[in-house]
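Asks: pasting the sequence and the predicted model now:
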Amino acid sequence: MPLISVCIATYNGEKYIKEQLDSILCQLGTSDEIIISDDCSTDKTVSIIESLNDERIYLFENSIKFKNHNFNFENALRKATGEIIFLADQDDIWTKNKVSRFLETFTKTNANLITSDCFLVNSQKQLISDSFFEIRHSRSGFLKNFYKNSFVGCCMAFNRKVLEASLPFPNDIFSHDTWIGLIGEMIGRTYFLREQLIYFRRHGENFSAHNLGDAFLTNKSSYSLIGSILLRFTLLKMLILRFIKLQIKS
């Protein structure tokens, strides 16, 4: 069984996917794996991935497009066999010490889920901000992150306890990042590693749930007050139902 599974959801990522995979593969061992779920890309994404010819890459091409990005990630997560699962976006770049720092921190803190800080860059890798944590005032805590999410999937890694508790994603889930992060807060221990360990690209082609106008960088909501309340109410209901399900299962 691999120690590490890196899960990536791709869709028309030909501009950046090779650079991202190169930054990840050099940090993995021979028994680790990268699970890629491709959501019907129409560009050269798939052929670029296949051209790397690396046995640690497992590519799953979907014949029917998922209804949103969250479920493309879920498809990858369901196929992960590692003890530690990293999430990665198709267009970011990992720093050379990301994996080693995460593994050291898992051992040191005994956390179930770790999220690191990151550099925010544009499509040309020019610096936008040198700390996402400072922008979002990021820290652990269920109530803090329920009110104002600090969890970003591409900065996160977690153990199988969190993975198994998070799946399946609810149908009405807004953001897999928030869902997994709050599951981690609910069932275990989270740790915020205050080191920038990826270059997180923000550009017009991003399709993550965070790309809602400028809300991600400016802390401004893209929803009305009533919309935000309803969103949180739905999320809380789903978390309570999942907690009850986990208690019954245990």
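Replies: Perfect, I can see it now. Everything quoted here is computed from the prediction, not taken from an experiment.
Asks: any low-confidence regions in the chain?
Replies: Across the chain, the ranges flagged by pLDDT under 70 are 1, 204-223.
Asks: ok, the strand ranked longest in it: who's next to it in the sheet?
Replies: Secondary structure assigned by DSSP state E gives strand 190-201 as the longest strand of the chain. Sheet partners assigned to strand 190-201 using DSSP bridges are listed as strand 93-94 (antiparallel), strand 113-121 (parallel).
Asks: can you pull the buried residues of that strand?
Replies: 190-193, 196-201 (16 or more other Cβ atoms under 10 Å). (C-beta placed from N, C-alpha, C; glycine too.)
Asks: could you report the neighbour count for L231?
Replies: L231 has 15 neighbours, counted by other Cβ atoms under 10 Å.
Asks: just G141 next, same as before
Replies: 12.
Asks: state the phi and psi torsions of it.
Replies: phi 130, psi 130 (degrees, to the nearest 10).
Asks: would you check that it makes contact with G184?
Replies: No - using Cβ atoms under 8 Å, G141 is not in contact with G184, being 11.4 Å away.
Asks: who touches G184 in this structure?
Replies: Residues counted as contacts of G184 (Cβ atoms under 8 Å, 6 or more residues apart in numbering) are 112-113, 158, 162, 190.
Asks: from V99, how far off is it?
Replies: 19 Å (Cβ to Cβ, to the nearest Å).
Asks: tell me the buried residues in the longest helix along the chain?
Replies: Secondary structure of the chain per DSSP state H: the longest helix is helix 225-249. Buried positions in helix 225-249, judged by neighbour count with 16+ other Cβ under 10 Å: 235, 238-239, 242.
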